[in-house]
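Peer 1: Here is a sequence together with a model predicted from it:
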Amino acid sequence: TLRDYAPVASARSAAVQAAIAVVVAVGAIGLHGLISGGTGEGTRGGDVPLEVALHRLQGRVALVEFLDFECPACRAMHAELAPVLSEFAGRVTLVVKHLPLPQHAHAADAARAFSCAREQGKGPEMAERLFAAERLTAENCYAIADELGLVRDEFRSCVISQRPTQRLLEHLQTARGMHVTPLPTYW
């Protein structure tokens, strides 16, 4: 399990970049079961459960990110991580796990919006917009969805459905099982 591994970094861009470079350079893959749901390499993907088999990585490295879109450290780290992911595109898969913190009033709204945008194939674009947004109210998330050209009725139905809620609960369970506390945390 991942509990046997130390975090790659927690809000320290130099450590993340160095860790990715070393792992990619030697071709090592030691992150059992945390992989993308096929949304693209080097992008923000995956609501895939931890139990998914490692073989789906096929020579890629999985970097698992626990985040909160309203968290200042997560926002800063996103700016640092984006160029690293671009540099290692095709060799690194970023798996996003949401952990909306209670002190961030709209973090859950943003996580739900991301999840529903992902269903329409616009997860990475939504993540970029959410990290850049000054306010993450539900109304602002709907406005971003409209700007991205998401199918409005499908998006709104998804947001109020149990699907994103279930994903958030699964991510919370995973974080608790791995004793994740600071955000962002990377494995």
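Peer 2: Yes, it's here. Please read these numbers as outputs of a predicted model, since none were measured by experiment.

Peer 1: low pLDDT regions in this protein?
Peer 2: For the chain, the stretches with pLDDT under 70 are 1-59.

Peer 1: Show me the helices in it, by range?
Peer 2: Under the criterion DSSP state H, helices of the chain are mapped to 13-26, 72-87, 107-119, 123-132, 138-147, 152-160, 162-177.

Peer 1: ok, now how distant is the residue nearest to residue 108 when sequence neighbours are not counted from residue 70?
Peer 2: The shortest distance from residue 108 to any non-neighbouring residue, by CB to CB, 6 or more residues apart in numbering, is to residue 100 (4.2 Å). (C-beta placed from N, C-alpha, C; glycine too.) Per CB to CB, to the nearest Å, residue 100 is found 8 Å from residue 70.

Peer 1: Name the residues contacting each of those two.
Peer 2: Common neighbours of residue 100 and residue 70 (criterion: CB atoms under 8 Å, 6 or more residues apart in numbering): 107, 110.

Peer 1: one step back: residue 185 is nearest to which of the helices of the chain?
Peer 2: Checking the helices of the chain against residue 185 by CB to CB gives helix 162-177 as the closest, at 8.1 Å.

Peer 1: For residue 69, see how far away residue 162 is.
Peer 2: Using CB to CB, we find residue 162 at a distance of 21 Å from residue 69.

Peer 1: more neighbours, the two?
Peer 2: Ranked by neighbour count (other CB atoms under 10 Å), residue 162 and residue 69 place residue 69 first, with 26 against 9.

Peer 1: Please name the residues that touch the more buried one.
Peer 2: By CB under 8 Å, 6+ apart, the contact list for residue 69 reads 75, 100, 107, 110, 111, 114, 127, 130, 131, 136.

Peer 1: among those, which ones are buried?
Peer 2: Neighbour-count burial (16 or more other CB atoms under 10 Å) is assigned, among the contacts of residue 69, to 75, 100, 107, 110, 111, 114, 127, 130, 131, 136.
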